[in-house]
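1. model this:
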Amino acid sequence: MSDSTSDSTGNSASAPETGGPAGVGRRGFLAGAAAVAATAAAPAALQVAAARPAAAATGAARPNILLIVTDDQPKQTDWAIRRTVDWIAGQGVRFTHGHVTTPLCAPSRSSVFSGRYAHNHGVRNNGASYSLDQHTTVQRYLQQAGYRTGLFGKYLNSWTLADNPPHFEEWALLQPAYNDARWNINGTVQTLTGYTTDIVRNRTLSFLDKAATDTRPWFAYVTPYASHAPNVPADTYADTVVPPWNGRPSVPEADRSDKPEYIQNATATLADAQALRTRQLRTLLSVDDAVQAIHDKLAALGQLDNTLVVYLGDNGFTWADHGWSKKSVPYSPAHEVPFYLSWPAGGLGAGTVDNRVVANIDIAPTILDAAGITPDTPQDGHSLLTGYSREHLLVEWWKQGTAAGGPPTWSSYVAKDRQYTEYYALHTDANGTVSGTGAVKFREYYDLAADPYQLSNLLYQATPQQEAALGIPGLAAQLAADQVA
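-> Have a look, this model is predicted:
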């Protein structure tokens with residue numbers, strides 16, 4: 001399967017919060033920012049709240065659910081998915097602070113399904129996919145509530161292709177590849193000739209066609225392999241010229257002495273990043289074609305208005321930021337993702353911008369909220385259809401194995417204006433079981449308001465007095481609490 005053990009180690013490709021922790025600087029500012037974000041989101045949320053009781057009253061009025069999750073798609077890729085953005089963000093909501101809580105494929109997708117952090121759902125690396133309790137998944141809830149469910153594309157890394165994905169009525173499960181790939185089609189493993197994004201599109205369209213005669217609401221999980229390495233574009237786009245990109249300040253960072261050792265040793269260049277970006281954008285052009293075809297099908301079926309559409313990447317990807325062109329790191333490009341939502345019948349169709357801090361753990365609660373379903377298992381996320389606004393987010397990642405190189409296990413407190421990260425003497429085995437002393441090996445703190453590209457680690461050579469002034473003791477205490485919540 002894709003995302004090998006080396007990828008898992010980074011060597012290749014909670015409960016509601018009421019305020020900041022005691023002793024944390026700028027607490028008043030953050031509380032004010034949260035209030036502003038909640039106020040800005042309130043009109044749309046109130047519209048949805050008003051619409052939801054009527055929608056839940058009858059099965060026929062329940063929304064269809066279209067969940068599109070791309071693979072390794074960085075945030076700054078809208079050029080390649082212009083029609084997608086025009087539809088879902090332009091006629092819905094664009095979340096400007098969209099994150100994943102673990103920047104690695106299987107843990108992130110498990111968080112999408114369950115609404116839980118990886119330390120709670122147990123899929124801490126790409127080899128631990130079977131650790132996910134399928135009873136906690138959004139597809140289980142929806143199928144149990146009478147939804148017709150379908151999966152089209154990639155599922156979970158290390159999932160055996162011959163094993164049927166639980167709680168899906170229809171599926172085309174991809175063994176990740178771009179051309180002439182192996183698939184599990186409704187229980188039959190076979191090779192299908194063609195470009196896999198096109199196959200995902202066609203299988204999804206066939207699933208949607210059945211809505212003409214099957215009156216049940218449906219849930220479609222659509223998940224092409226783009227833009228994951230090796231980033232092979234369709235023949236149509238193999239030579240497409242993409243807009244030039246000359247990097248950002250984090251790319252040519254010459255002095256990385258304030259960074260952890262694996263970043264000091266990173267060697268990716270601007271030229272490497274430019275080539276990677278070109279390949280990624282070219283693969284995403286086919287995703288845009290697929291999403292447009294799905295849009296047109298929904299319009300033809302008369303189901304465009306009452307379909308809740310969510311689009312996000314399963315994780316971001318750095319483009320030679322601090323010399324690193326991968327994922328699995330705490331730097332913003334790795335865990336920030338494109339994040340769009342549309343539901344005109346639910347009051348989310350006007351093309352608005354939402355500045356709240358949102359994450360993949362919020363997807364399942366949002367879908368269940370829209371469908372009028374109360375979960376019977378715990379969730380860490382919150383429905384985006386309400387005015388809930390978090391002050392900060394926990395982002396976490398575990399090193400798989402003990403091989404040298406790559407990032408150690410880490411966890412991070414991420415807010416709009418600051419980020420605090422700790423690296424630990426911990427690792428997992430292939431099943432996600434954690435071992436090690438847990439000793440803190442390195443720390444980073446960035447003032448994201450003044451230093452959005454994370455160039456200056458304010459903890460490098462800082463005195464205890466300086467750390468106290470930055471509020472580090474309070475941040476460390478909050479981070480520790482988040483990891484066990």
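
2. going forward, measure contacts and count neighbours with C-alpha atoms only.
-> Noted.

3. which residue ranges form the helices in the stretch 101-250 of the chain?
-> Under the criterion DSSP state H, counting those that start in this stretch, the stretch 101-250 of the chain contains helices at 105-114, 118-121, 138-144, 196-209.

4. and the ones you listed as TSV, adding mean neighbour count?
-> As requested, the helices of the stretch 101-250 of the chain are arranged in TSV below (neighbours: other CA atoms under 10 Å):
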stretch	mean neighbour count
helix 105-114	29
helix 118-121	21
helix 138-144	20
helix 196-209	21
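
5. save the ones you listed as TSV, and put in distance to S456 and mean pLDDT too.
-> Formatted as TSV, these follow (distance: least, CA to CA, whole Å; pLDDT from 0 to 100):
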stretch	distance to S456	mean pLDDT
helix 105-114	28	98
helix 118-121	29	98
helix 138-144	40	98
helix 196-209	40	98
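
6. distance to I361 added to those helices, as CSV?
-> Formatted as CSV, the helices of the stretch 101-250 of the chain follow (distance: least, CA to CA, whole Å):
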stretch, distance to I361
helix 105-114, 5
helix 118-121, 10
helix 138-144, 11
helix 196-209, 24
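
7. looking at these, which is closest to G127?
-> The minimum distance between G127 and the helices of the stretch 101-250 of the chain falls on helix 105-114, with 8.0 Å, by CA to CA.

8. the helices of the stretch 101-250 of the chain: which one's closest to H335?
-> Evaluated over the helices of the stretch 101-250 of the chain, closeness to H335 peaks at helix 105-114, with 9.9 Å, by CA to CA.

9. elements contacting the closest one?
-> Helix 105-114 sits against helix 118-121, helix 138-144, helix 363-371, with contacts defined as 3 or more CA pairs under 8 Å, 6 or more residues apart in numbering; DSSP states H and E.

10. mind listing residues that contact the last one?
-> Same thing as helix 363-371. When contacts are defined by CA atoms under 8 Å, 6 or more residues apart in numbering, helix 363-371 is touched by residues 52, 55-56, 62-63, 65, 112-115, 137-138, 141-142, 308, 310, 374-375, 379, 381-385.

11. and the angle for it with helix 105-114?
-> Orientation note: helix 363-371 sits at an angle of 20 degrees relative to helix 105-114 (axes from the mean of the first three to the mean of the last three CA atoms, to 10 degrees).

12. and the end-to-end length of stretch 150-167?
-> Stretch 150-167 has its terminal residues 9 Å apart, counting by CA to CA, to the nearest Å.

13. kindly report the same for stretch 224-234.
-> 13 Å.

14. what of stretch 421-437?
-> Using CA to CA, the end-to-end distance of stretch 421-437 comes to 18 Å.

15. with stretch 84-92 instead?
-> End-to-end distance for stretch 84-92, by CA to CA: 11 Å.

16. what residues of that stretch count as buried?
-> T84, V85, W87, I88, A89, G90, Q91, G92 (16 or more other CA atoms under 10 Å).

17. swap in stretch 252-263?
-> Within stretch 252-263, the residues scored as buried using 16+ other CA under 10 Å are R256, D258, K259, P260, Y262, I263.

18. any idea how far the closest residue to the first one other than its chain neighbours lies from D321?
-> This means R256. Closest residue to R256 apart from its sequence neighbours, by CA to CA, 6 or more residues apart in numbering: Q264 at 5.6 Å. In this view, Q264 and D321 are 12 Å apart by CA to CA.

19. residues in contact with A212?
-> Neighbouring residues of A212 by CA under 8 Å, 6+ apart: L301.

20. so what's the residue count around the residue nearest to R256?
-> 16 (other CA atoms under 10 Å).

21. now do it against V200, distance only.
-> Counting by CA to CA, the gap from Q264 to V200 is 40 Å.

22. element containing A271, please.
-> According to DSSP states H and E, A271 maps onto helix 270-301.

23. buried residues, that helix. List them.
-> Going by neighbour count (16+ other CA under 10 Å), the buried part of helix 270-301 is 270, 273-274, 276-295, 297-298.

24. just checking, what packs against that helix?
-> On a contact count with 3+ CA pairs under 8 Å, 6+ apart, helix 270-301 meets helix 82-84, helix 196-209.

25. kindly recompute the last result at 6 Å.
-> Counting contacts by 3 or more CA pairs under 6 Å, 6 or more residues apart in numbering; DSSP states H and E, helix 270-301 packs against no other helix or strand.

26. off-centre distance for it?
-> How far helix 270-301 lies from its chain's middle: 17 Å, per CA atoms, centre = their mean, to the nearest Å.

27. now stretch 116-130
-> 14 Å.

28. picking up where we left off before, now the helix holding A271 and helix 196-209, what's the angle there?
-> 20 degrees.

29. just checking, what packs against the helix or strand following helix 270-301?
-> Using DSSP H and E, the helix or strand that directly follows helix 270-301 along the chain is strand 307-313. Packing contacts for strand 307-313, counted by 3+ CA pairs under 6 Å, 6+ apart, involve strand 64-70, strand 339-342.
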